[in-house]
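**Student:** Build me a model from this:
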Amino acid sequence: MPQTKIPVTSLEFFFGIDKYNSVDVTPIVLEKFVTKFGEIFLKVSINHFGDPYEGHVKMLYCVYQGNVIKTVGENAYLYLPSEIQNNKFVNNNELEFFYGANGIVYNVTSVVLQNCLLPDGNIAMVGNYNDLFGDPIFGVEKILYWSYKGHQIGQVNENQDLFINKIIMLPSHIEI
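**Tutor:** This is a model prediction of the structure:
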């Protein structure tokens, strides 16, 4: 199957507290934040998009064909290359999750998929992860990280909340 390149300008962008409580900011992103090379680079901020849900932390949702492929938190930066290869999209149920520290790490994939998979296919976790996975090393801060086919693609510490979309875009350095 040939690889298709998707122009980043064909994505839609929504800003809000979740995929369903957000406003369409696609025209703002495409008008103000596409570089001369066709890339998108911006700081996600109410300064650019207003404050549609005052008092709540907001996210920018990057959507392709109805699926959220990337989520960026308020005050974080979004960078997208001018084209995205469609083979870089995978389902989050293809990821493996690991938890631990100092070389003592356990595969917790089944626990994540059994306890944190939402009905819409997204994964949501609220730290303290010791409650969910147990405490493999008492008194040491643990890391939860996730990988795709042996390539680590993300991590959070044991007390950080985590949200992973149903469909994710792999980093460019990972070949499938």
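
**Student:** V63 - how many residues pack around it?
**Tutor:** Neighbour count for V63, taken as other Cβ atoms under 10 Å: 20. For the C-beta atoms, the positions are set from N, CA and C on the backbone; glycine is no exception.

**Student:** Can you tell me the element it falls in?
**Tutor:** Assigned by DSSP states H and E, V63 belongs to strand 59-64.

**Student:** all helices of this structure, in order?
**Tutor:** 26-32, 46-49, 109-115, 130-133 (DSSP state H).

**Student:** Let me have those helices in TSV, adding mean pLDDT as columns.
**Tutor:** What follows is those, written out as TSV (pLDDT from 0 to 100):
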stretch	mean pLDDT
helix 26-32	96
helix 46-49	96
helix 109-115	92
helix 130-133	89
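
**Student:** Looking at those helices, which is nearest to L95?
**Tutor:** Of all these, it is helix 109-115 that lies closest to L95, at 7.5 Å by Cβ to Cβ.

**Student:** contacting residues around D18?
**Tutor:** M59 (Cβ atoms under 8 Å, 6 or more residues apart in numbering).

**Student:** Return the distance of it relative to L117.
**Tutor:** According to Cβ to Cβ, to the nearest Å, D18 and L117 sit 16 Å apart.

**Student:** cool, C62 as well?
**Tutor:** Distance from C62 to L117, by Cβ to Cβ: 21 Å.

**Student:** domains for this structure, by residue range?
**Tutor:** According to automatic domain parsing, the chain comprises the domains 5-81, 89-169.

**Student:** Endpoint to endpoint, the longest one covers what distance?
**Tutor:** If I follow you right, that is domain 89-169. One end of domain 89-169 sits 5 Å from the other (Cα to Cα, to the nearest Å).

**Student:** roughly how far out does it sit from the chain middle?
**Tutor:** Chain-centre distance of domain 89-169: 12 Å, with Cα atoms, centre = their mean, to the nearest Å.

**Student:** Check stretch 7-27 too.
**Tutor:** What separates the centre of stretch 7-27 from the centre of its chain is 14 Å, taken as Cα atoms, centre = their mean.

**Student:** Any regions of the protein where pLDDT drops low?
**Tutor:** Applying pLDDT under 70 to the chain flags residues 1-4, 85-88, 171-176.

**Student:** 50 instead, please
**Tutor:** Residue ranges of the chain with pLDDT under 50: 1-2.

**Student:** Now mean neighbour count too, for the helices of the chain, in CSV please.
**Tutor:** Shown next, in CSV, are the helices of the chain (neighbours: other Cβ atoms under 10 Å):
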stretch, mean neighbour count
helix 26-32, 14
helix 46-49, 15
helix 109-115, 15
helix 130-133, 16
